[in-house]
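Participant: what's the 3D shape of this:
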Amino acid sequence: MAKKYFEKKYSKLLFGILALLLIILAILVARPYLNTIILAVIVSYILQPVYKFLTKKVKTKKISASIISTLLIVLLTMILGVILVITVINVASLVLEQVNNLRVENTSSIDYLQDAIVWINSQMDRFNIPIEFTLTEILSNLRNSVSSIVNNLLATVSSISSFSVDAIFNLIIFYGLIYTIVPHFNKNVYSIKNILPLDEEITTLYLDRTLDTAKAMAGGLLVVAMVQGLVAGFILYILGTPYIFLVILLVSIFSFIPLLGTGLVTFPIALIYILTGQVWKGVVLAIYQLLVIGEIDGVLRANLIPKDVRMPLFVSFIAIFGGLSLWGIWGLIYGPVIFILLLTTVEVLRKYYIPSLKEK
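Facilitator: Have a look, this model is predicted:
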């Protein structure tokens, strides 16, 4: 006869408290690498179709399939990292050069702009608002703002490309976790379902929503970035914008910032066109950014995110920007995941919890 465990009074409660304390301590110890761990879990989930294809179709052993899957991620991250560093450094240098050499030419468009500034100043004076704009001041602020953004970006990229000890540790942990998690992902999910003290259907609902939301946000960011970069490249090529390939990559990088991310690249270019007398180019680019490039984010993301994890627009807005303010770029994943779990809890409350109370 099999021996039964945890039959003593309070034994389950004490074990639960012990397990919870150990989990909290483990999270505190792993906190410096928590983002890396979470990203590794998401990437391992995304890699599951590749891993299953290698083990079934190609008849590769599980260990070999895990090694190949990990090597694919190593190769991809290395290539993207090199491209990112080279692109940002080159584009930043070009932008700083162009902005520092920017001069306003005396054209009819500049005359119109001067008239517009005079009209705005007159309206400010009419409403007793002590603010006065000048074209020189606007140009100076533009130079300072762009220079500040570019210098901060260069500092960030330089710190990433310096391969500090912390960065190396993060990469080792990331690749090691992928190699470890990928072949045992489904087994680990099954274990979590058995550990959690909820019905299997409810546990499955929570896990599926969490993983699908994280996968959709991470994968969606990459797809949206590539598409927005290509679409921006189309209009920039027609307008004859120089260094187009580098600018396309920069647009793709800034697209990770929701809503107006790509505009941080295209609007300054449009303004430079206007200030240098090429008004129609600047206007066309600004309109194209608002009506086409900027709309791609919402359209694609709506189709990339599964129906089960879609949220109302205002909820998505709070989740994304609230997450950004708390966790930075990681908030693009954490915010939506937390809110989808909240909405799932409301669904469980209405669908399972309240009906069970009524039955009693």
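
Participant: Pull out the buried positions in stretch 285-299.
Facilitator: Of all the residues in stretch 285-299, those buried under the rule 16 or more other Cβ atoms under 10 Å are Leu285, Ala286, Tyr288, Gln289, Ile293, Gly294, Ile296, Asp297. Quick note: C-beta positions are derived from backbone N, CA and C, even for glycine.

Participant: CA atoms only for it, dumped as CSV, please.
Facilitator: Extracted in CSV, the C-alpha atoms of stretch 285-299 (Å, rounded to 0.1, in the frame of the first residue of the first chain):
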residue,chain,number,x,y,z
LEU,A,285,5.7,63.0,-45.2
ALA,A,286,3.8,64.4,-42.2
ILE,A,287,0.4,63.4,-43.6
TYR,A,288,1.8,60.0,-44.6
GLN,A,289,3.0,59.5,-41.0
LEU,A,290,-0.3,60.3,-39.5
LEU,A,291,-2.6,58.4,-42.0
VAL,A,292,-0.4,55.4,-42.9
ILE,A,293,2.7,54.7,-40.8
GLY,A,294,1.1,55.6,-37.5
GLU,A,295,-2.1,53.5,-38.3
ILE,A,296,-0.1,50.3,-39.0
ASP,A,297,0.5,49.8,-35.3
GLY,A,298,-3.2,49.6,-34.4
VAL,A,299,-4.2,47.6,-37.5
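
Participant: residue boundaries of the strands in this structure?
Facilitator: Remark: strands of the chain are absent; assignment by DSSP state E.

Participant: The stretch 151-300 of the chain: helices as residue ranges?
Facilitator: 165-181, 185-195, 200-239, 244-254, 263-275, 279-288, 294-304 (DSSP state H, counting those that start in this stretch).

Participant: Could you tell me the least trusted of these?
Facilitator: Note on these: lowest mean pLDDT is at helix 294-304, with a mean of 69.

Participant: picking up where we left off before, closest one of the buried residues of stretch 285-299 to Ala40?
Facilitator: Closest to Ala40 out of the buried residues of stretch 285-299 is Asp297 (26.2 Å), distances taken as Cβ to Cβ.

Participant: distance of the closest residue to the closest one other than its chain neighbours from Pro242?
Facilitator: Closest residue to Asp297 apart from its sequence neighbours, by Cβ to Cβ, 6 or more residues apart in numbering: Val224 at 5.5 Å. Distance of Val224 to Pro242, computed by Cβ to Cβ, to the nearest Å: 25 Å.
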